[in-house]
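Asker: mind looking at a prediction? Sequence and model below.
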Amino acid sequence: MIVVVTRGPLVESRHDVAACVADARGTVTFATGDVERPVFLRSCAKPFIAAAVAASGAAERFGFGDRELAVMSASHNGEPFHVAAVRGMLEAMGLDETSLRCGAHAPAYEPAADALRAAGEAPSALHNNCSGKHAGILALCVHLGLDVATYLEPEHPAQQRILALCGRLADESPAAMPLGIDGCGIPVYATSLRRAAQSFARFATLDGVSDADARALERVRRAMRAEPRYVAGTGRFDTALIEATGGRIVAKAGAEGVHGDALVREGLGLTLKVLDGARRAAAPAAIDLLREVGAFAPGEAERLRDFAMPVVRNVVGVAVGRVAAEADTIPA
């Protein structure tokens, strides 16, 4: 599969994409490219991290509802409502933003960043797109009486719980999954696109997992469907995809061109990796693949046109090209 970037009449750039669609048993129904090579899931794994928190009882103890579980699963924009949700999570467990080890960056949503500058305020860790996930892991630590200062360490019991759940979803031993460090500092695991697609299929169906894992996954899935704005935010693909499909597709993007989708109606999972890591190619590729496997109801794909074929503009805003998918898929 290829996503092309045009300028005027010519293709200026090309992005190769590997992708896999599988069911909860790991049976591949559609594939393109190498789907067995390990790929770091990056933020695609956040719903599974949130499920580990929910399974522990921490979400119930601290009164986390749909918004908190959705922002826990999010790579959010840093809009005021995202920041308020994360701050409220920390307050519920008796902590504040100084406990977050994700680092600070400006809100990804430019109007929120502009407003912060206009107020003379510096970004804090609360504005980090991963702050909800970190707050969730801190809740897991507080609930289980674990050290909150070292929660980033791979050997920390909270991280081991998270990796164990991710391994169960992928039918893989955590010890066999390569680990790296994500941009926000937490351990990030790699698995094949096939196993990742199986994980998202289990997220969609709740099949092939224990009753406890199923309850936790269902709770997170329900939250993401109910509060898609908290999963990403204004102008973001994941939010738009969940909204356009009425929550039948639960989507989560990751850095370096990774994307995962739980296809609830079809009982399938879809994962893709833009091989050169280009974020701009992920949404066009995902929409093309979702259309290919029949995941959209009539009219839904059209509502996502701005993400399927983003316009390339020059500095003064003139349209000079487009980004679009050219599928070269291989039925499995």
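Answerer: Sure thing, it's come through.

Asker: and the helices in the stretch 1-150 of the chain?
Answerer: For the stretch 1-150 of the chain, the helices defined by DSSP state H, counting those that start in this stretch cover 46-56, 58-61, 66-72, 80-92, 110-118, 131-144.

Asker: on the three-state scheme, the spatially most central residue of the chain is what?
Answerer: Closest residue to the average C-alpha location of the chain: K252 at 2.8 Å, with Cα atoms, centre = their mean. Under DSSP: H, G, I helix; E, B strand; the rest coil, K252 falls in the strand class.

Asker: buried ones in the longest strand that the chain contains?
Answerer: Using DSSP state E, we find that the single longest strand of the chain is strand 10-22. Going by neighbour count (16 or more other Cβ atoms under 10 Å), the buried part of strand 10-22 is S13, H15, D16, V17, A18, A19, C20, V21, A22. From N, CA and C alone the C-beta is placed, and that goes for glycine too.

Asker: packing partners of that strand?
Answerer: On a contact count with 3 or more Cβ pairs under 8 Å, 6 or more residues apart in numbering; DSSP states H and E, strand 10-22 meets strand 2-7, strand 28-32, helix 193-205, strand 268-274, helix 282-292.

Asker: can you lay out those as TSV showing mean neighbour count and mean pLDDT?
Answerer: Below are the helices and strands packed on strand 10-22 laid out as TSV (neighbours: other Cβ atoms under 10 Å; pLDDT from 0 to 100):
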stretch	mean neighbour count	mean pLDDT
strand 2-7	18	95
strand 28-32	19	97
helix 193-205	28	98
strand 268-274	28	98
helix 282-292	24	97
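
Asker: okay if I get these as JSON lines plus distance to L100?
Answerer: Below are these laid out as JSON lines (distance: least, Cβ to Cβ, whole Å):
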{"stretch": "strand 2-7", "distance to L100": "35"}
{"stretch": "strand 28-32", "distance to L100": "38"}
{"stretch": "helix 193-205", "distance to L100": "26"}
{"stretch": "strand 268-274", "distance to L100": "28"}
{"stretch": "helix 282-292", "distance to L100": "27"}
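
Asker: looking at those, spot the one closest to A45.
Answerer: The closest of those to A45 is helix 193-205. By Cβ to Cβ, the value is 8.4 Å.

Asker: next helix or strand past the closest one?
Answerer: Where DSSP states H and E defines the elements, the next helix or strand beyond helix 193-205 is helix 211-226.

Asker: buried stuff in that next one?
Answerer: By 16+ other Cβ under 10 Å, the buried positions in helix 211-226 come out as D213, A214, A216, L217, R219, V220, R221, A223, M224, R225.

Asker: which residues touch the third one?
Answerer: What it means is A216. The contact partners of A216, taken as Cβ atoms under 8 Å, 6 or more residues apart in numbering, are A51, A52, A54, A55, L165.

Asker: so who does the residue nearest to it when sequence neighbours are not counted touch?
Answerer: Closest residue to A216 apart from its sequence neighbours, by Cβ to Cβ, 6 or more residues apart in numbering: A55 at 3.7 Å. Each residue near A55 by Cβ under 8 Å, 6+ apart is listed here: L165, A212, D213, R215, A216.

Asker: quick check: the gap between A55 and V220.
Answerer: Separation of A55 from V220 (Cβ to Cβ, to the nearest Å) stands at 10 Å.

Asker: check A52 too.
Answerer: A52 sits 10 Å away from V220, going by Cβ to Cβ.

Asker: now do R195
Answerer: Using Cβ to Cβ, we find R195 at a distance of 19 Å from V220.

Asker: once you drop chain neighbours, what's closest to H156?
Answerer: H156's closest residue in space is T150 (Cβ to Cβ, 6+ apart), at 5.6 Å.

Asker: shouldn't T205 be in contact with R265?
Answerer: No. Applying Cβ atoms under 8 Å as the test, T205 and R265 come out as separate, 10.3 Å apart.

Asker: quickly list what's touching both of these two.
Answerer: Going by Cβ under 8 Å, 6+ apart, no residue sits against T205 while also sitting against R265.

Asker: give the contact list for L165.
Answerer: Residues near L165 by Cβ under 8 Å, 6+ apart: F48, A51, A52, A55, D213, A216.

Asker: any idea which of those residues is closest to E256?
Answerer: Closest to E256, out of all of the contacts of L165 and judged by Cβ to Cβ, is F48, at 17.8 Å.
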